[in-house]
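let's see this in three dimensions:
(chains A, B and C)
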Amino acid sequence: MKPTYQERIWQVIHAIPAGKVSTYGAVATMAGLPRQARAVGRCLSQLPGDSKIPWHRVINAQGKISFPLESERFCRQKNLLEEELIIFSNNRVNLKQFLWRPG
DNA sequence: AAAGTGACCGATT
DNA sequence: GAATCGGCCACTT
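Presented below is the predicted three-dimensional model:
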């Protein structure tokens, strides 16, 4: 069976190791959907709460969490990342240090 | 049918 | 750094 784009997006996100992050745009490109960062965000927005997908390792290209500051979801994602020893400075992750690059 | 919206991005000014 | 712009596209008004 030819994989759905949604499935390929999940597969890419699954491949992000703990302690690293990726961005919506990078995930889109790796899933074969260049310039479709929004498709990734859309995809994640539809995930059930009990999903095993490491959705928290996906942040935006500025190194920031794409939820309103101090919102419930913002804090949940930040906590999950800090548990993986990812450092925030000014609510921002240093992508030079934490961005996952395959290869 | 048309306009607005959103877990976005890169290039440009 | 900040703001704008066009690209992108499913969904909701």
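
in three-state terms, how would A:Ser22 be classified?
strand (DSSP: H, G, I helix; E, B strand; the rest coil).

run a quick neighbour tally on it.
For A:Ser22, the neighbour count with other CB atoms under 10 Å is 23. The C-beta positions use only the backbone N, C-alpha and C, and glycine is treated the same way.

contacting residues for it?
A:12-13, A:16, A:30, A:57-59, A:99-100 (CB atoms under 8 Å, 6 or more residues apart in numbering).

among those residues, which lie within helices?
A:12-13, A:30 (DSSP state H).

related to what we said a few turns ago, now the contacts of A:Ser22 as CSV including distance to A:Ile65?
Shown next, in CSV, are the contacts of A:Ser22 (distance: CB to CB, whole Å):
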residue, distance to A:Ile65
A:Val12, 19
A:Ile13, 15
A:Ile16, 15
A:Met30, 20
A:Arg57, 11
A:Val58, 10
A:Ile59, 6
A:Leu99, 15
A:Trp100, 16
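
same for DNA strand B: which of those residues are within range?
By CB under 7 Å from any atom of the strand, the members of the contacts of A:Ser22 lying near DNA strand B are A:Val58.
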